[in-house]
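[1] Predicted model and sequence follow; I will ask about them next.
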Amino acid sequence: MSEPRKARAIGINHVALEVGDIDEALEFYGAWLDFELRGRSDTMAFIDLGDQFLNFSTGRRQAPDDERHFGLVVDDRQSILDKLEQMGIPLLPGPFKDFLDPWGNRIELVDYATIQFSKAPNVLRGMGLEGLEKNHEALAELAEKGMGPD
């Protein structure tokens with residue numbers, strides 16, 4: 001009998017973050033991130049990221065994240081960095097633009113233009129971001145994998 005085929009990972013549908021309070025989480029993230037609220041309850045909220053989403057759930061019990069983090073891709077990293085500075089939220093030491101939310105979730109801010117991660121043109125259009133472009137290095141990285149623009 002042959003080995004079963006291995007499935008291919010093709011993306012991430014959502015990331016779930018544990019927070020202390022849903023209203024406080026929506027207020028904190030809404031202070032520096034423009035988003036559409038997909039839905040909410042007393043213990044959960046969902047914010048759209050185009051064809052993906054973030055899920056906030058109450059009940060954070062562990063210590064603040066050290067190395068564990070998620071990379072949040074944004075269209076204008078500098079505007080968020082400016083807003084975080086204004087809010088008194090420090091960046092963590094290291095080469096990346098990481099910070100902790102009030103519940104200890106570690107977030108790395110990643111600029112869309114600089115990485116191989118891509119949204120389909122129809123998704124960008126639906127998000128009102130149809131003019132968003134990649135830099136030369138990101139385009140070269142995509143082309144090397146056969147994923148460059150036609």
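    Okay, I see it.
[2] which stretches of the chain have low pLDDT?
    Low-confidence segments of the chain, defined by pLDDT under 70: 150.
[3] Please enumerate the helices of it.
    Here the chain has its helices, by DSSP state H, at 22-30, 77-87, 121-126, 136-144.
[4] got the CA coordinates for the third one in CSV?
    The C-alpha coordinates for helix 121-126 follow below in CSV (Å, rounded to 0.1, in the frame of the first residue of the first chain):
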residue,chain,number,x,y,z
PRO,A,121,-5.5,41.4,-7.2
ASN,A,122,-9.2,40.9,-6.5
VAL,A,123,-8.6,40.8,-2.7
LEU,A,124,-6.5,44.0,-2.8
ARG,A,125,-9.3,45.6,-4.9
GLY,A,126,-11.9,44.6,-2.4
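[5] Now do that helix: distance to the chain's middle.
    Relative to its parent chain, helix 121-126 has a centroid offset of 17 Å by CA atoms, centre = their mean, to the nearest Å.
[6] Buried residues in that helix, which are they?
    For helix 121-126, burial by neighbour count (16 or more other CB atoms under 10 Å) applies to Leu124. Backbone N, C-alpha and C define where each C-beta goes, glycine included.
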